[in-house]
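Colleague: Structure for this input, please:
(2 chains)
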Protein chains: 2
Amino acid sequence: MSQVYAARRALLRDCCAAAGSSAALISRPANVRYLAGAAPLGAALLLGPGEDVLFCAQPPTGEPGEGRLDELLRVSVLPASGADAAVAAADLAQAARSDSLAVEEHDLTVARHSALRSAAPRLRLTDLGHAVESQRLVKDEEEIACLRIAAEIADQALGELLESILVGRTERHLALELERRLVDHGADGPAFPTSVATGPHSGRPGHRPSDRRVEEGDFLSVCLGANYRGYRCEIGRTFVIGTTPADWQIELYDLVFAAQRAGRQALLPGAAYRDVDRAARQVLDSAGHGEALPPWTGHGVGLEIDEDPQLAPAAMGKLDACVPVTVEPGVHLPGRGGVRIDDTLVVRPEADGGPELLTITTKELLAL
Amino acid sequence: MSQVYAARRALLRDCCAAAGSSAALISRPANVRYLAGAAPLGAALLLGPGEDVLFCAQPPTGEPGEGRLDELLRVSVLPASGADAAVAAADLAQAARSDSLAVEEHDLTVARHSALRSAAPRLRLTDLGHAVESQRLVKDEEEIACLRIAAEIADQALGELLESILVGRTERHLALELERRLVDHGADGPAFPTSVATGPHSGRPGHRPSDRRVEEGDFLSVCLGANYRGYRCEIGRTFVIGTTPADWQIELYDLVFAAQRAGRQALLPGAAYRDVDRAARQVLDSAGHGEALPPWTGHGVGLEIDEDPQLAPAAMGKLDACVPVTVEPGVHLPGRGGVRIDDTLVVRPEADGGPELLTITTKELLAL
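Modeller: Got it, this is the predicted structure:
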């Protein structure tokens, strides 16, 4: 793996050099992990001008959840508590006669940026922007393998829940049980806080589990994901509790299912982000649910659960092969509930069979 | 409660006015919650120059874990997705003819700060610094009541775990079970990721649970806390697995216990932070463990699990009454394991009986 990290860093260094910076400081944790293999708390990674150095308060412990630090990378443990890794990095960059340092202005706070300026006044600080995020967009096959395992784990956890008795249990307990099952099946942890929504809560994006209990006749919508070696996937399903779904439930479900299928089918290399969004959105829109829809119908996943690209009406850009994204339209009717269906897929060329579905739990409307 | 939030905001506005700013922008989530009652994701709170306004992408849902928004506060829901609450706030401040706006430079990123400057070029942006954090230092009796309940919940969860069979179970499973029990007893969630450390891992601060199983003869150290209405406590205990602790285990335990007691006894209004730290630290230091100690032996708790003050050798300042802190010295011997003992207490005058211990689980060395 060390070669992989070194190659990623070399690519970023080339990109910096082309922009006129001889050194770059990476502070955003997911970006540090992408380039160094692990991101101890508060770490900062200095690329060039000489050797690459990871600054951190405590050396990484090597625990599975933390990632494994690239062995080729020099690690500098900060001497004193309260010392800032970014400041130490700027200090070294100045000592190494770098004249400029590209920093992640979307991550560094104004206060830390000022501290960098004070510590290394001869350095010109420039903005690295989202260069590392752009590099992270297209995944290699090892990254996709991690996402595939993460999705398998989430499918297993969800499958087991469906076999248990649900009526009378609270949203919170169901969410905790799902998270325990994720870890049972080998996840480092949940990819994000598990959402379980019943009855009038169902279909609400990002609903926080409450003490409401599952009742007969409810819609139950669940959204969960596993974190496997840092890679995070997402699956969302909606079920009906009891034997026979009501007509409005079947109708709403079929509609959201059609929207989600349209979104999935639009996932091809070269498709504009906004066109994928539109494919899903217009199905719901033409049924009169346009106004209440969330601002996006999907997003990239990887070392973060919500990363580029965003599948939204105003998003700029086109899909590439090997970009994993979610497709997750939903409708929530205030006071009644609703439906969300959410998959993680990897964009693949049509010649390779089109989008690769990672989350394979059935999307039939199950009555539990 | 609304009066409480309004009074807190009035105090902060006075503090801003004294520093020459007619308006302030609060972006740090715990600070927003302290002043507004709740902090929806990405929210920003504008204080003055006219009315106070909370900007957020979605109105708060009123779920228990989220807090309850002050009803006296105006809420402005952002029109478009991707709109930045802080930018919208700066925009309004400029429209209301404010000439300057104090922002939290330790929270705002450089990129958001630039966006504020572009959106409201006539506003002078100043630094509010840690004004809200300072205001949060001394807790009122309602806040302490929340911490007291949080501590009770943690004590209950820990007590139940001790009654179960531990040998053969993994650190991860024990941690997940503790977190489930926290929620069972009414917590909104864990206050921080629960740490369970066995054998050679024991005594390591912030250890992430691994797949190591509990064995006979192990030290087992556990650190957990509950989040109750946003307020977070912390308790840490170390146990021995099996019937008879080894001599080195008893000796190390007694030493850490003596250090923790010395720290607790030093908690009085007017005591310097560094003196409390020294009281605990010198016990371990004189036994030859000085070099390996963490940089602090305790810290404040409240809406965040790690807030001011820090009990550390270089910390400046003195304790006030009604400041809740942890006292948590520990020793970890690489390869062998170690001991941590951690309580949450509230500083009280001697006339009132001295420090109030919130986490009351026994600190005897239990053999489980």
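Colleague: for the stretch 251-368 of chain A, what are the low-confidence residue spans?
Modeller: Within the stretch 251-368 of chain A, no stretch has pLDDT under 70.
Colleague: For chain B, give me its nearest residue in it.
Modeller: Nearest residue of the stretch 251-368 of chain A to chain B: A:Pro295, at 2.8 Å (C-beta to the nearest C-beta). The C-beta positions use only the backbone N, C-alpha and C, and glycine is treated the same way.
Colleague: all helices of the stretch 51-200 of chain A, in order?
Modeller: With DSSP state H, counting those that start in this stretch as the criterion, the stretch 51-200 of chain A has helices at A:85-95, A:110-119, A:131-136, A:141-162, A:171-184.
Colleague: picking up where we left off before, now do the residue of the stretch 251-368 of chain A closest to chain B against A:Ala315, distance only.
Modeller: 10 Å (C-beta to C-beta, to the nearest Å).
Colleague: ditto for A:Gly189
Modeller: Look at A:Gly189 and A:Ala315: by C-beta to C-beta, they are 29 Å apart.
Colleague: what does A:Asp155 give?
Modeller: Applying C-beta to C-beta to A:Asp155 and A:Ala315 gives a distance of 28 Å.
Colleague: With neighbour numbers in mind, choose between A:Pro295 and A:Ala315.
Modeller: Neighbour count, other C-beta atoms under 10 Å in any protein chain shown: between A:Pro295 and A:Ala315, A:Ala315 has more, with 19 against 14.
Colleague: quick one: the residue nearest to the spatial centre of chain A and B:Pro355, what's the gap?
Modeller: For chain A, the residue sitting closest to the mean C-alpha position, by C-alpha atoms, centre = their mean, is A:Ile305 at 1.5 Å. From A:Ile305 across to B:Pro355, the span is 41 Å (C-beta to C-beta).
Colleague: Helix, strand or coil: sort out A:Gly338 for me.
Modeller: Classification of A:Gly338 using DSSP: H, G, I helix; E, B strand; the rest coil returns strand.
Colleague: Go ahead and confirm it touches A:Pro294.
Modeller: No. Assessed by C-beta atoms under 8 Å, A:Gly338 is found out of contact with A:Pro294, at 11.4 Å.
Colleague: nearest residue to A:Val103 other than its sequence neighbours?
Modeller: A:Leu25 (4.9 Å; C-beta to C-beta, 6 or more residues apart in numbering or on different chains).
Colleague: How many residues are close by A:Trp248?
Modeller: For A:Trp248, the count of nearby residues is 11 (other C-beta under 10 Å).
Colleague: And A:Ala367, by the same measure?
Modeller: Neighbour count of A:Ala367, defined by other C-beta under 10 Å: 12.
Colleague: A:Val103 reaches A:Arg112, doesn't it?
Modeller: No. Here A:Val103 lies out of contact with A:Arg112, judged by C-beta under 8 Å, at a distance of 9.0 Å.
Colleague: which residues are common contacts for those two?
Modeller: Counting by C-beta atoms under 8 Å, 6 or more residues apart in numbering or on different chains, the contacts common to A:Val103 and A:Arg112 are A:27, A:86.
Colleague: if you average pLDDT over stretch A:45-58, what comes out?
Modeller: In this model, stretch A:45-58 has an average pLDDT of 89.
Colleague: From start to finish, how long is that stretch in a straight line?
Modeller: 14 Å (C-alpha to C-alpha, to the nearest Å).
Colleague: do that stretch and chain B meet?
Modeller: No. Stretch A:45-58 is not in contact with chain B by C-beta under 8 Å from any C-beta of the partner chain; minimum separation 8.6 Å.
Colleague: Buried ones in that stretch, by neighbour count?
Modeller: For stretch A:45-58, a neighbour-count test (16 or more other C-beta atoms under 10 Å in any protein chain shown) marks A:45-49, A:52-57 as buried.
Colleague: what do you get for stretch A:217-224?
Modeller: Buried residues in stretch A:217-224, counting neighbours by 16+ other C-beta under 10 Å, are found at A:218-224.
Colleague: hey, C-alpha coordinates of it in CSV?
Modeller: Presented in CSV, the C-alpha positions along stretch A:217-224 are these (Å, rounded to 0.1, in the frame of the first residue of the first chain):
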residue,chain,number,x,y,z
GLY,A,217,-49.6,0.1,9.6
ASP,A,218,-46.5,2.3,9.9
PHE,A,219,-44.0,3.0,7.2
LEU,A,220,-40.6,2.2,8.6
SER,A,221,-37.6,3.9,6.8
VAL,A,222,-34.1,2.9,7.8
CYS,A,223,-30.8,4.5,6.6
LEU,A,224,-27.5,3.0,7.7
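Colleague: What average pLDDT does that stretch get?
Modeller: 96.
Colleague: does chain B sit close to it?
Modeller: No. Taking C-beta under 8 Å from any C-beta as the criterion, stretch A:217-224 and chain B are apart, separated by no less than 14.6 Å.
Colleague: what's the most distant pair in the buried residues of stretch A:45-58?
Modeller: A:Pro49 and A:Ala57 (23.9 Å; C-beta to C-beta).
Colleague: burial count for the closest residue in space to A:Ala151 that isn't next to it in sequence?
Modeller: Of all residues not flanking A:Ala151 in the chain, A:Leu358 sits nearest, at 3.6 Å (C-beta to C-beta, 6+ apart). By the measure other C-beta under 10 Å, the count of residues near A:Leu358 is 24.
Colleague: before we move on, what about A:Ile360?
Modeller: The number of residues packed around A:Ile360, counting by other C-beta under 10 Å, is 12.
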